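In: coords please:
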Amino acid sequence: MELFNRVLSFYKIPSPAGKPETDKERFKRVRIISFLTATLGYGVYYVCRLSMNVIRKPMVEEGFLSETQIGIIGSCLFFTYAIGKLCNGFIADRSNVKRLMVTGLLVSALVNLILGFTDSFFLFALFWGINGFFQSMGAASGVVSLSRWFDSSNRGTYYGFWSASHNIGEAITFITIAIIATQFGWRYALIGAGVIGIAYFMVIQIGMKDTPQKYGYLLEQKRLNNEKGNTDFNKAQKAVLRNPAIWVLALGSAFMYISRYAVNSWGVFYLETMKGYSTLDASFIISISSVCGIVGTIASGLISDKLFKGSRNVPALVFGLLNVVALCLFLLVPGVHFVIDVIAMVLFGLGIGVLICFLGGLMAVDLAPKNAAGAALGVVGVASYIGAGVQDIMSGWLIEGHKHFVNGSEVYDFTYINYFWIGAALMSVILTLLVWNAKANNN
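Out: You can find the predicted model right below:
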């Protein structure tokens with residue numbers, strides 16, 4: 001019990017400073033440094049999450065793991081991440097988010113280091129599942145930190161930049177980890193991801209701050225919930241669970257995440273096996289989607305407000321169809337066409353960048369009561385990562401199940417994978433159309 005109390009005390013929100021700080025310029029400097037540190041920190045989280053996606057082909061070629069086993073391992077992360085995202089969201093509201101963020105990153109980095117020396121499929125699945133739960137601490141910590149340091153007048157702008165952090169992490173992963181894997185082998189790629197995570201763990205210790213009140217800063221924020229809203233909190237959450245439109249959006253997001261993580265998880269493998277690219281070249285092509293995703297994510301609010309007059313449905317439809325077109329270019333054009341593959345990843349990155357913001361949460365929040373936005377995000381988040389986990393299992397099974405040996409060489413048939421990935425993107429568009437006329441519930 002004493003140990004438990006010490007852990008609770010360690011993660012407790014720090015007490016406010018006894019003396020208020022009035023230097024506004026210093027406050028702005030501290031805030032922006034903390035914001036940038038946390039944003040890049042969540043990007044580094046992705047390095048420790050996606051490291052295995054770059055090295056799938058070398059692991060199969062070495063005979064260490066089969067495609068089905070790799071899919072199972074990948075799904076372990078997604079399923080535990082889905083659970084952790086819901087749990088750690090509630091925990092972060094009551095925690096020292098700086099300490100919560102460094103804890104998740106440190107454990108995730110150590111998992112990568114350990115797996116660099118592991119030869120057991122069971123241990124890979126176990127530790128990658130552990131990685132998923134601690135990975136879920138990153139987003140929760142970052143979003144709560146945003147809410148503490150920025151008021152409603154500028155939080156949306158910074159949230160758009162924050163949302164691009166995962167694209168930054170993906171780009172770093174598909175470039176740096178690919179270089180390490182090419183030069184030194186897949187085990188050193190995992191070790192390299194772990195070293196990067198530990199190095200940035202130290203940076204967060206210095207640059208990120210928990211609450212402005214700890215340093216004497218008092219944010220003047222309007223209350224988001226009035227007294228009635230607080231009283232009816234449970235009622236509002238139940239309304240979310242009973243709203244069929246939110247569940248349809250959650251299912252649509254799950255199908256969108258199937259297409260998103262199909263490319264993130266298996267895109268490098270696909271380019272290596274079906275089109276003959278090297279690991280480095282394949283990773284470079286996939287990294288283009290991450291860079292373009294930054295543009296799509298940051299611009300999503302402007303696209304919605306300026307081009308479509310506040311409508312989320314129209315851009316969700318447009319960029320959903322763009323996602324389908326991108327996958328068709330990527331999967332259905334035979335042979336090596338570097339320019340076409342790059343164009344496909346540009347379109348895919350822009351489409352997914354917008355869809356993550358709208359279909360991945362914002363549209364559900366628009367339909368939920370104002371004091372139950374967290375519940376709406378939780379429903380969509382759990383469904384999304386269950387979809388991502390199912391994708392990894394199905395993709396691994398379909399890839400291995402349609403592998404043949406011709407003259408001693410492995411030959412893959414991606415026909416059914418094409419149906420699965422493109423079909424998921426189409427289902428996401430269809431489900432989004434079903435809630436076109438759904439109305440917001442502001443009770």
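In: which residues sit in contact with the closest residue to residue 360 other than its chain neighbours?
Out: In space, and not counting its chain neighbours, residue 360 is closest to residue 253: 5.2 Å by C-beta to C-beta, 6 or more residues apart in numbering. Backbone N, C-alpha and C define where each C-beta goes, glycine included. When contacts are counted by C-beta atoms under 8 Å, 6 or more residues apart in numbering, residue 253 is found next to 359, 360, 361, 380, 383, 384, 387, 428.
In: In helices, which of these fall?
Out: 380, 383, 384, 387, 428 (DSSP state H).
In: residue contacts, the first one?
Out: Residue 380 makes contacts with 246, 249, 250, 253, 360, 361, 364, as judged by C-beta under 8 Å, 6+ apart.
In: domain assignment for this structure?
Out: What automatic domain parsing lists as the domains of the chain is 26-215, 236-436.
In: Turn these into TSV, columns for distance to residue 13 and mean pLDDT.
Out: Formatted as TSV, the domains of the chain follow (distance: least, C-beta to C-beta, whole Å; pLDDT from 0 to 100):
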stretch	distance to residue 13	mean pLDDT
domain 26-215	6	87
domain 236-436	17	84
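In: Rebuild these as a markdown table, extending it with distance to residue 9.
Out: Converted to a markdown table, the domains of the chain look like this (distance: least, C-beta to C-beta, whole Å):
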| stretch | distance to residue 9 |
| --- | --- |
| domain 26-215 | 10 |
| domain 236-436 | 25 |
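In: Tell me which of the ones you listed approaches residue 7 most closely.
Out: Nearest to residue 7 among the domains of the chain is domain 26-215 (10.4 Å), distances taken as C-beta to C-beta.
In: Looking at the contacts of residue 380, which one is closest to residue 291?
Out: Scanning the contacts of residue 380 for proximity to residue 291, where the rule is C-beta to C-beta, the winner is residue 360, at 19.0 Å.
In: Residue 162 versus that closest one, what's the distance?
Out: 14 Å (C-beta to C-beta, to the nearest Å).
In: Keeping just the C-alphas, turn stretch 111-121 into PDB.
Out: The C-alpha coordinates for stretch 111-121 follow below in PDB (Å, rounded to 0.1, in the frame of the first residue of the first chain):
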ATOM      1  CA  VAL A 111      10.800  -2.500 -25.300                       C
ATOM      2  CA  ASN A 112      12.500  -1.700 -28.600                       C
ATOM      3  CA  LEU A 113      15.900  -2.200 -27.000                       C
ATOM      4  CA  ILE A 114      14.900  -5.600 -25.500                       C
ATOM      5  CA  LEU A 115      13.400  -6.800 -28.700                       C
ATOM      6  CA  GLY A 116      16.600  -6.100 -30.600                       C
ATOM      7  CA  PHE A 117      18.100  -9.000 -28.600                       C
ATOM      8  CA  THR A 118      15.000 -11.300 -28.600                       C
ATOM      9  CA  ASP A 119      14.600 -14.500 -30.500                       C
ATOM     10  CA  SER A 120      11.100 -15.600 -29.300                       C
ATOM     11  CA  PHE A 121       7.900 -15.000 -31.200                       C
END
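In: could you measure the closest residue to residue 35 other than its chain neighbours against residue 150, distance?
Out: Sequence neighbours aside, residue 158 is the residue nearest to residue 35 in space, at 6.3 Å (criterion: C-beta to C-beta, 6+ apart). From residue 158 across to residue 150, the span is 5 Å (C-beta to C-beta).
In: quick one: stretch 67-84 to chain centroid distance?
Out: 14 Å (C-alpha atoms, centre = their mean, to the nearest Å).
In: follow-up on the earlier one: need the max-distance pair from the contacts of residue 380.
Out: Once C-beta to C-beta is applied, the contacts of residue 380 give 246 and 360 as the farthest pair, at 12.8 Å.
In: who's more crowded, those two?
Out: For residue 246 versus residue 360, the count of surrounding residues by other C-beta atoms under 10 Å is larger for residue 246: 27 against 23.
In: pretty sure that one contacts residue 240?
Out: Yes. Counting by C-beta atoms under 8 Å, residue 246 touches residue 240, with 5.8 Å between them.
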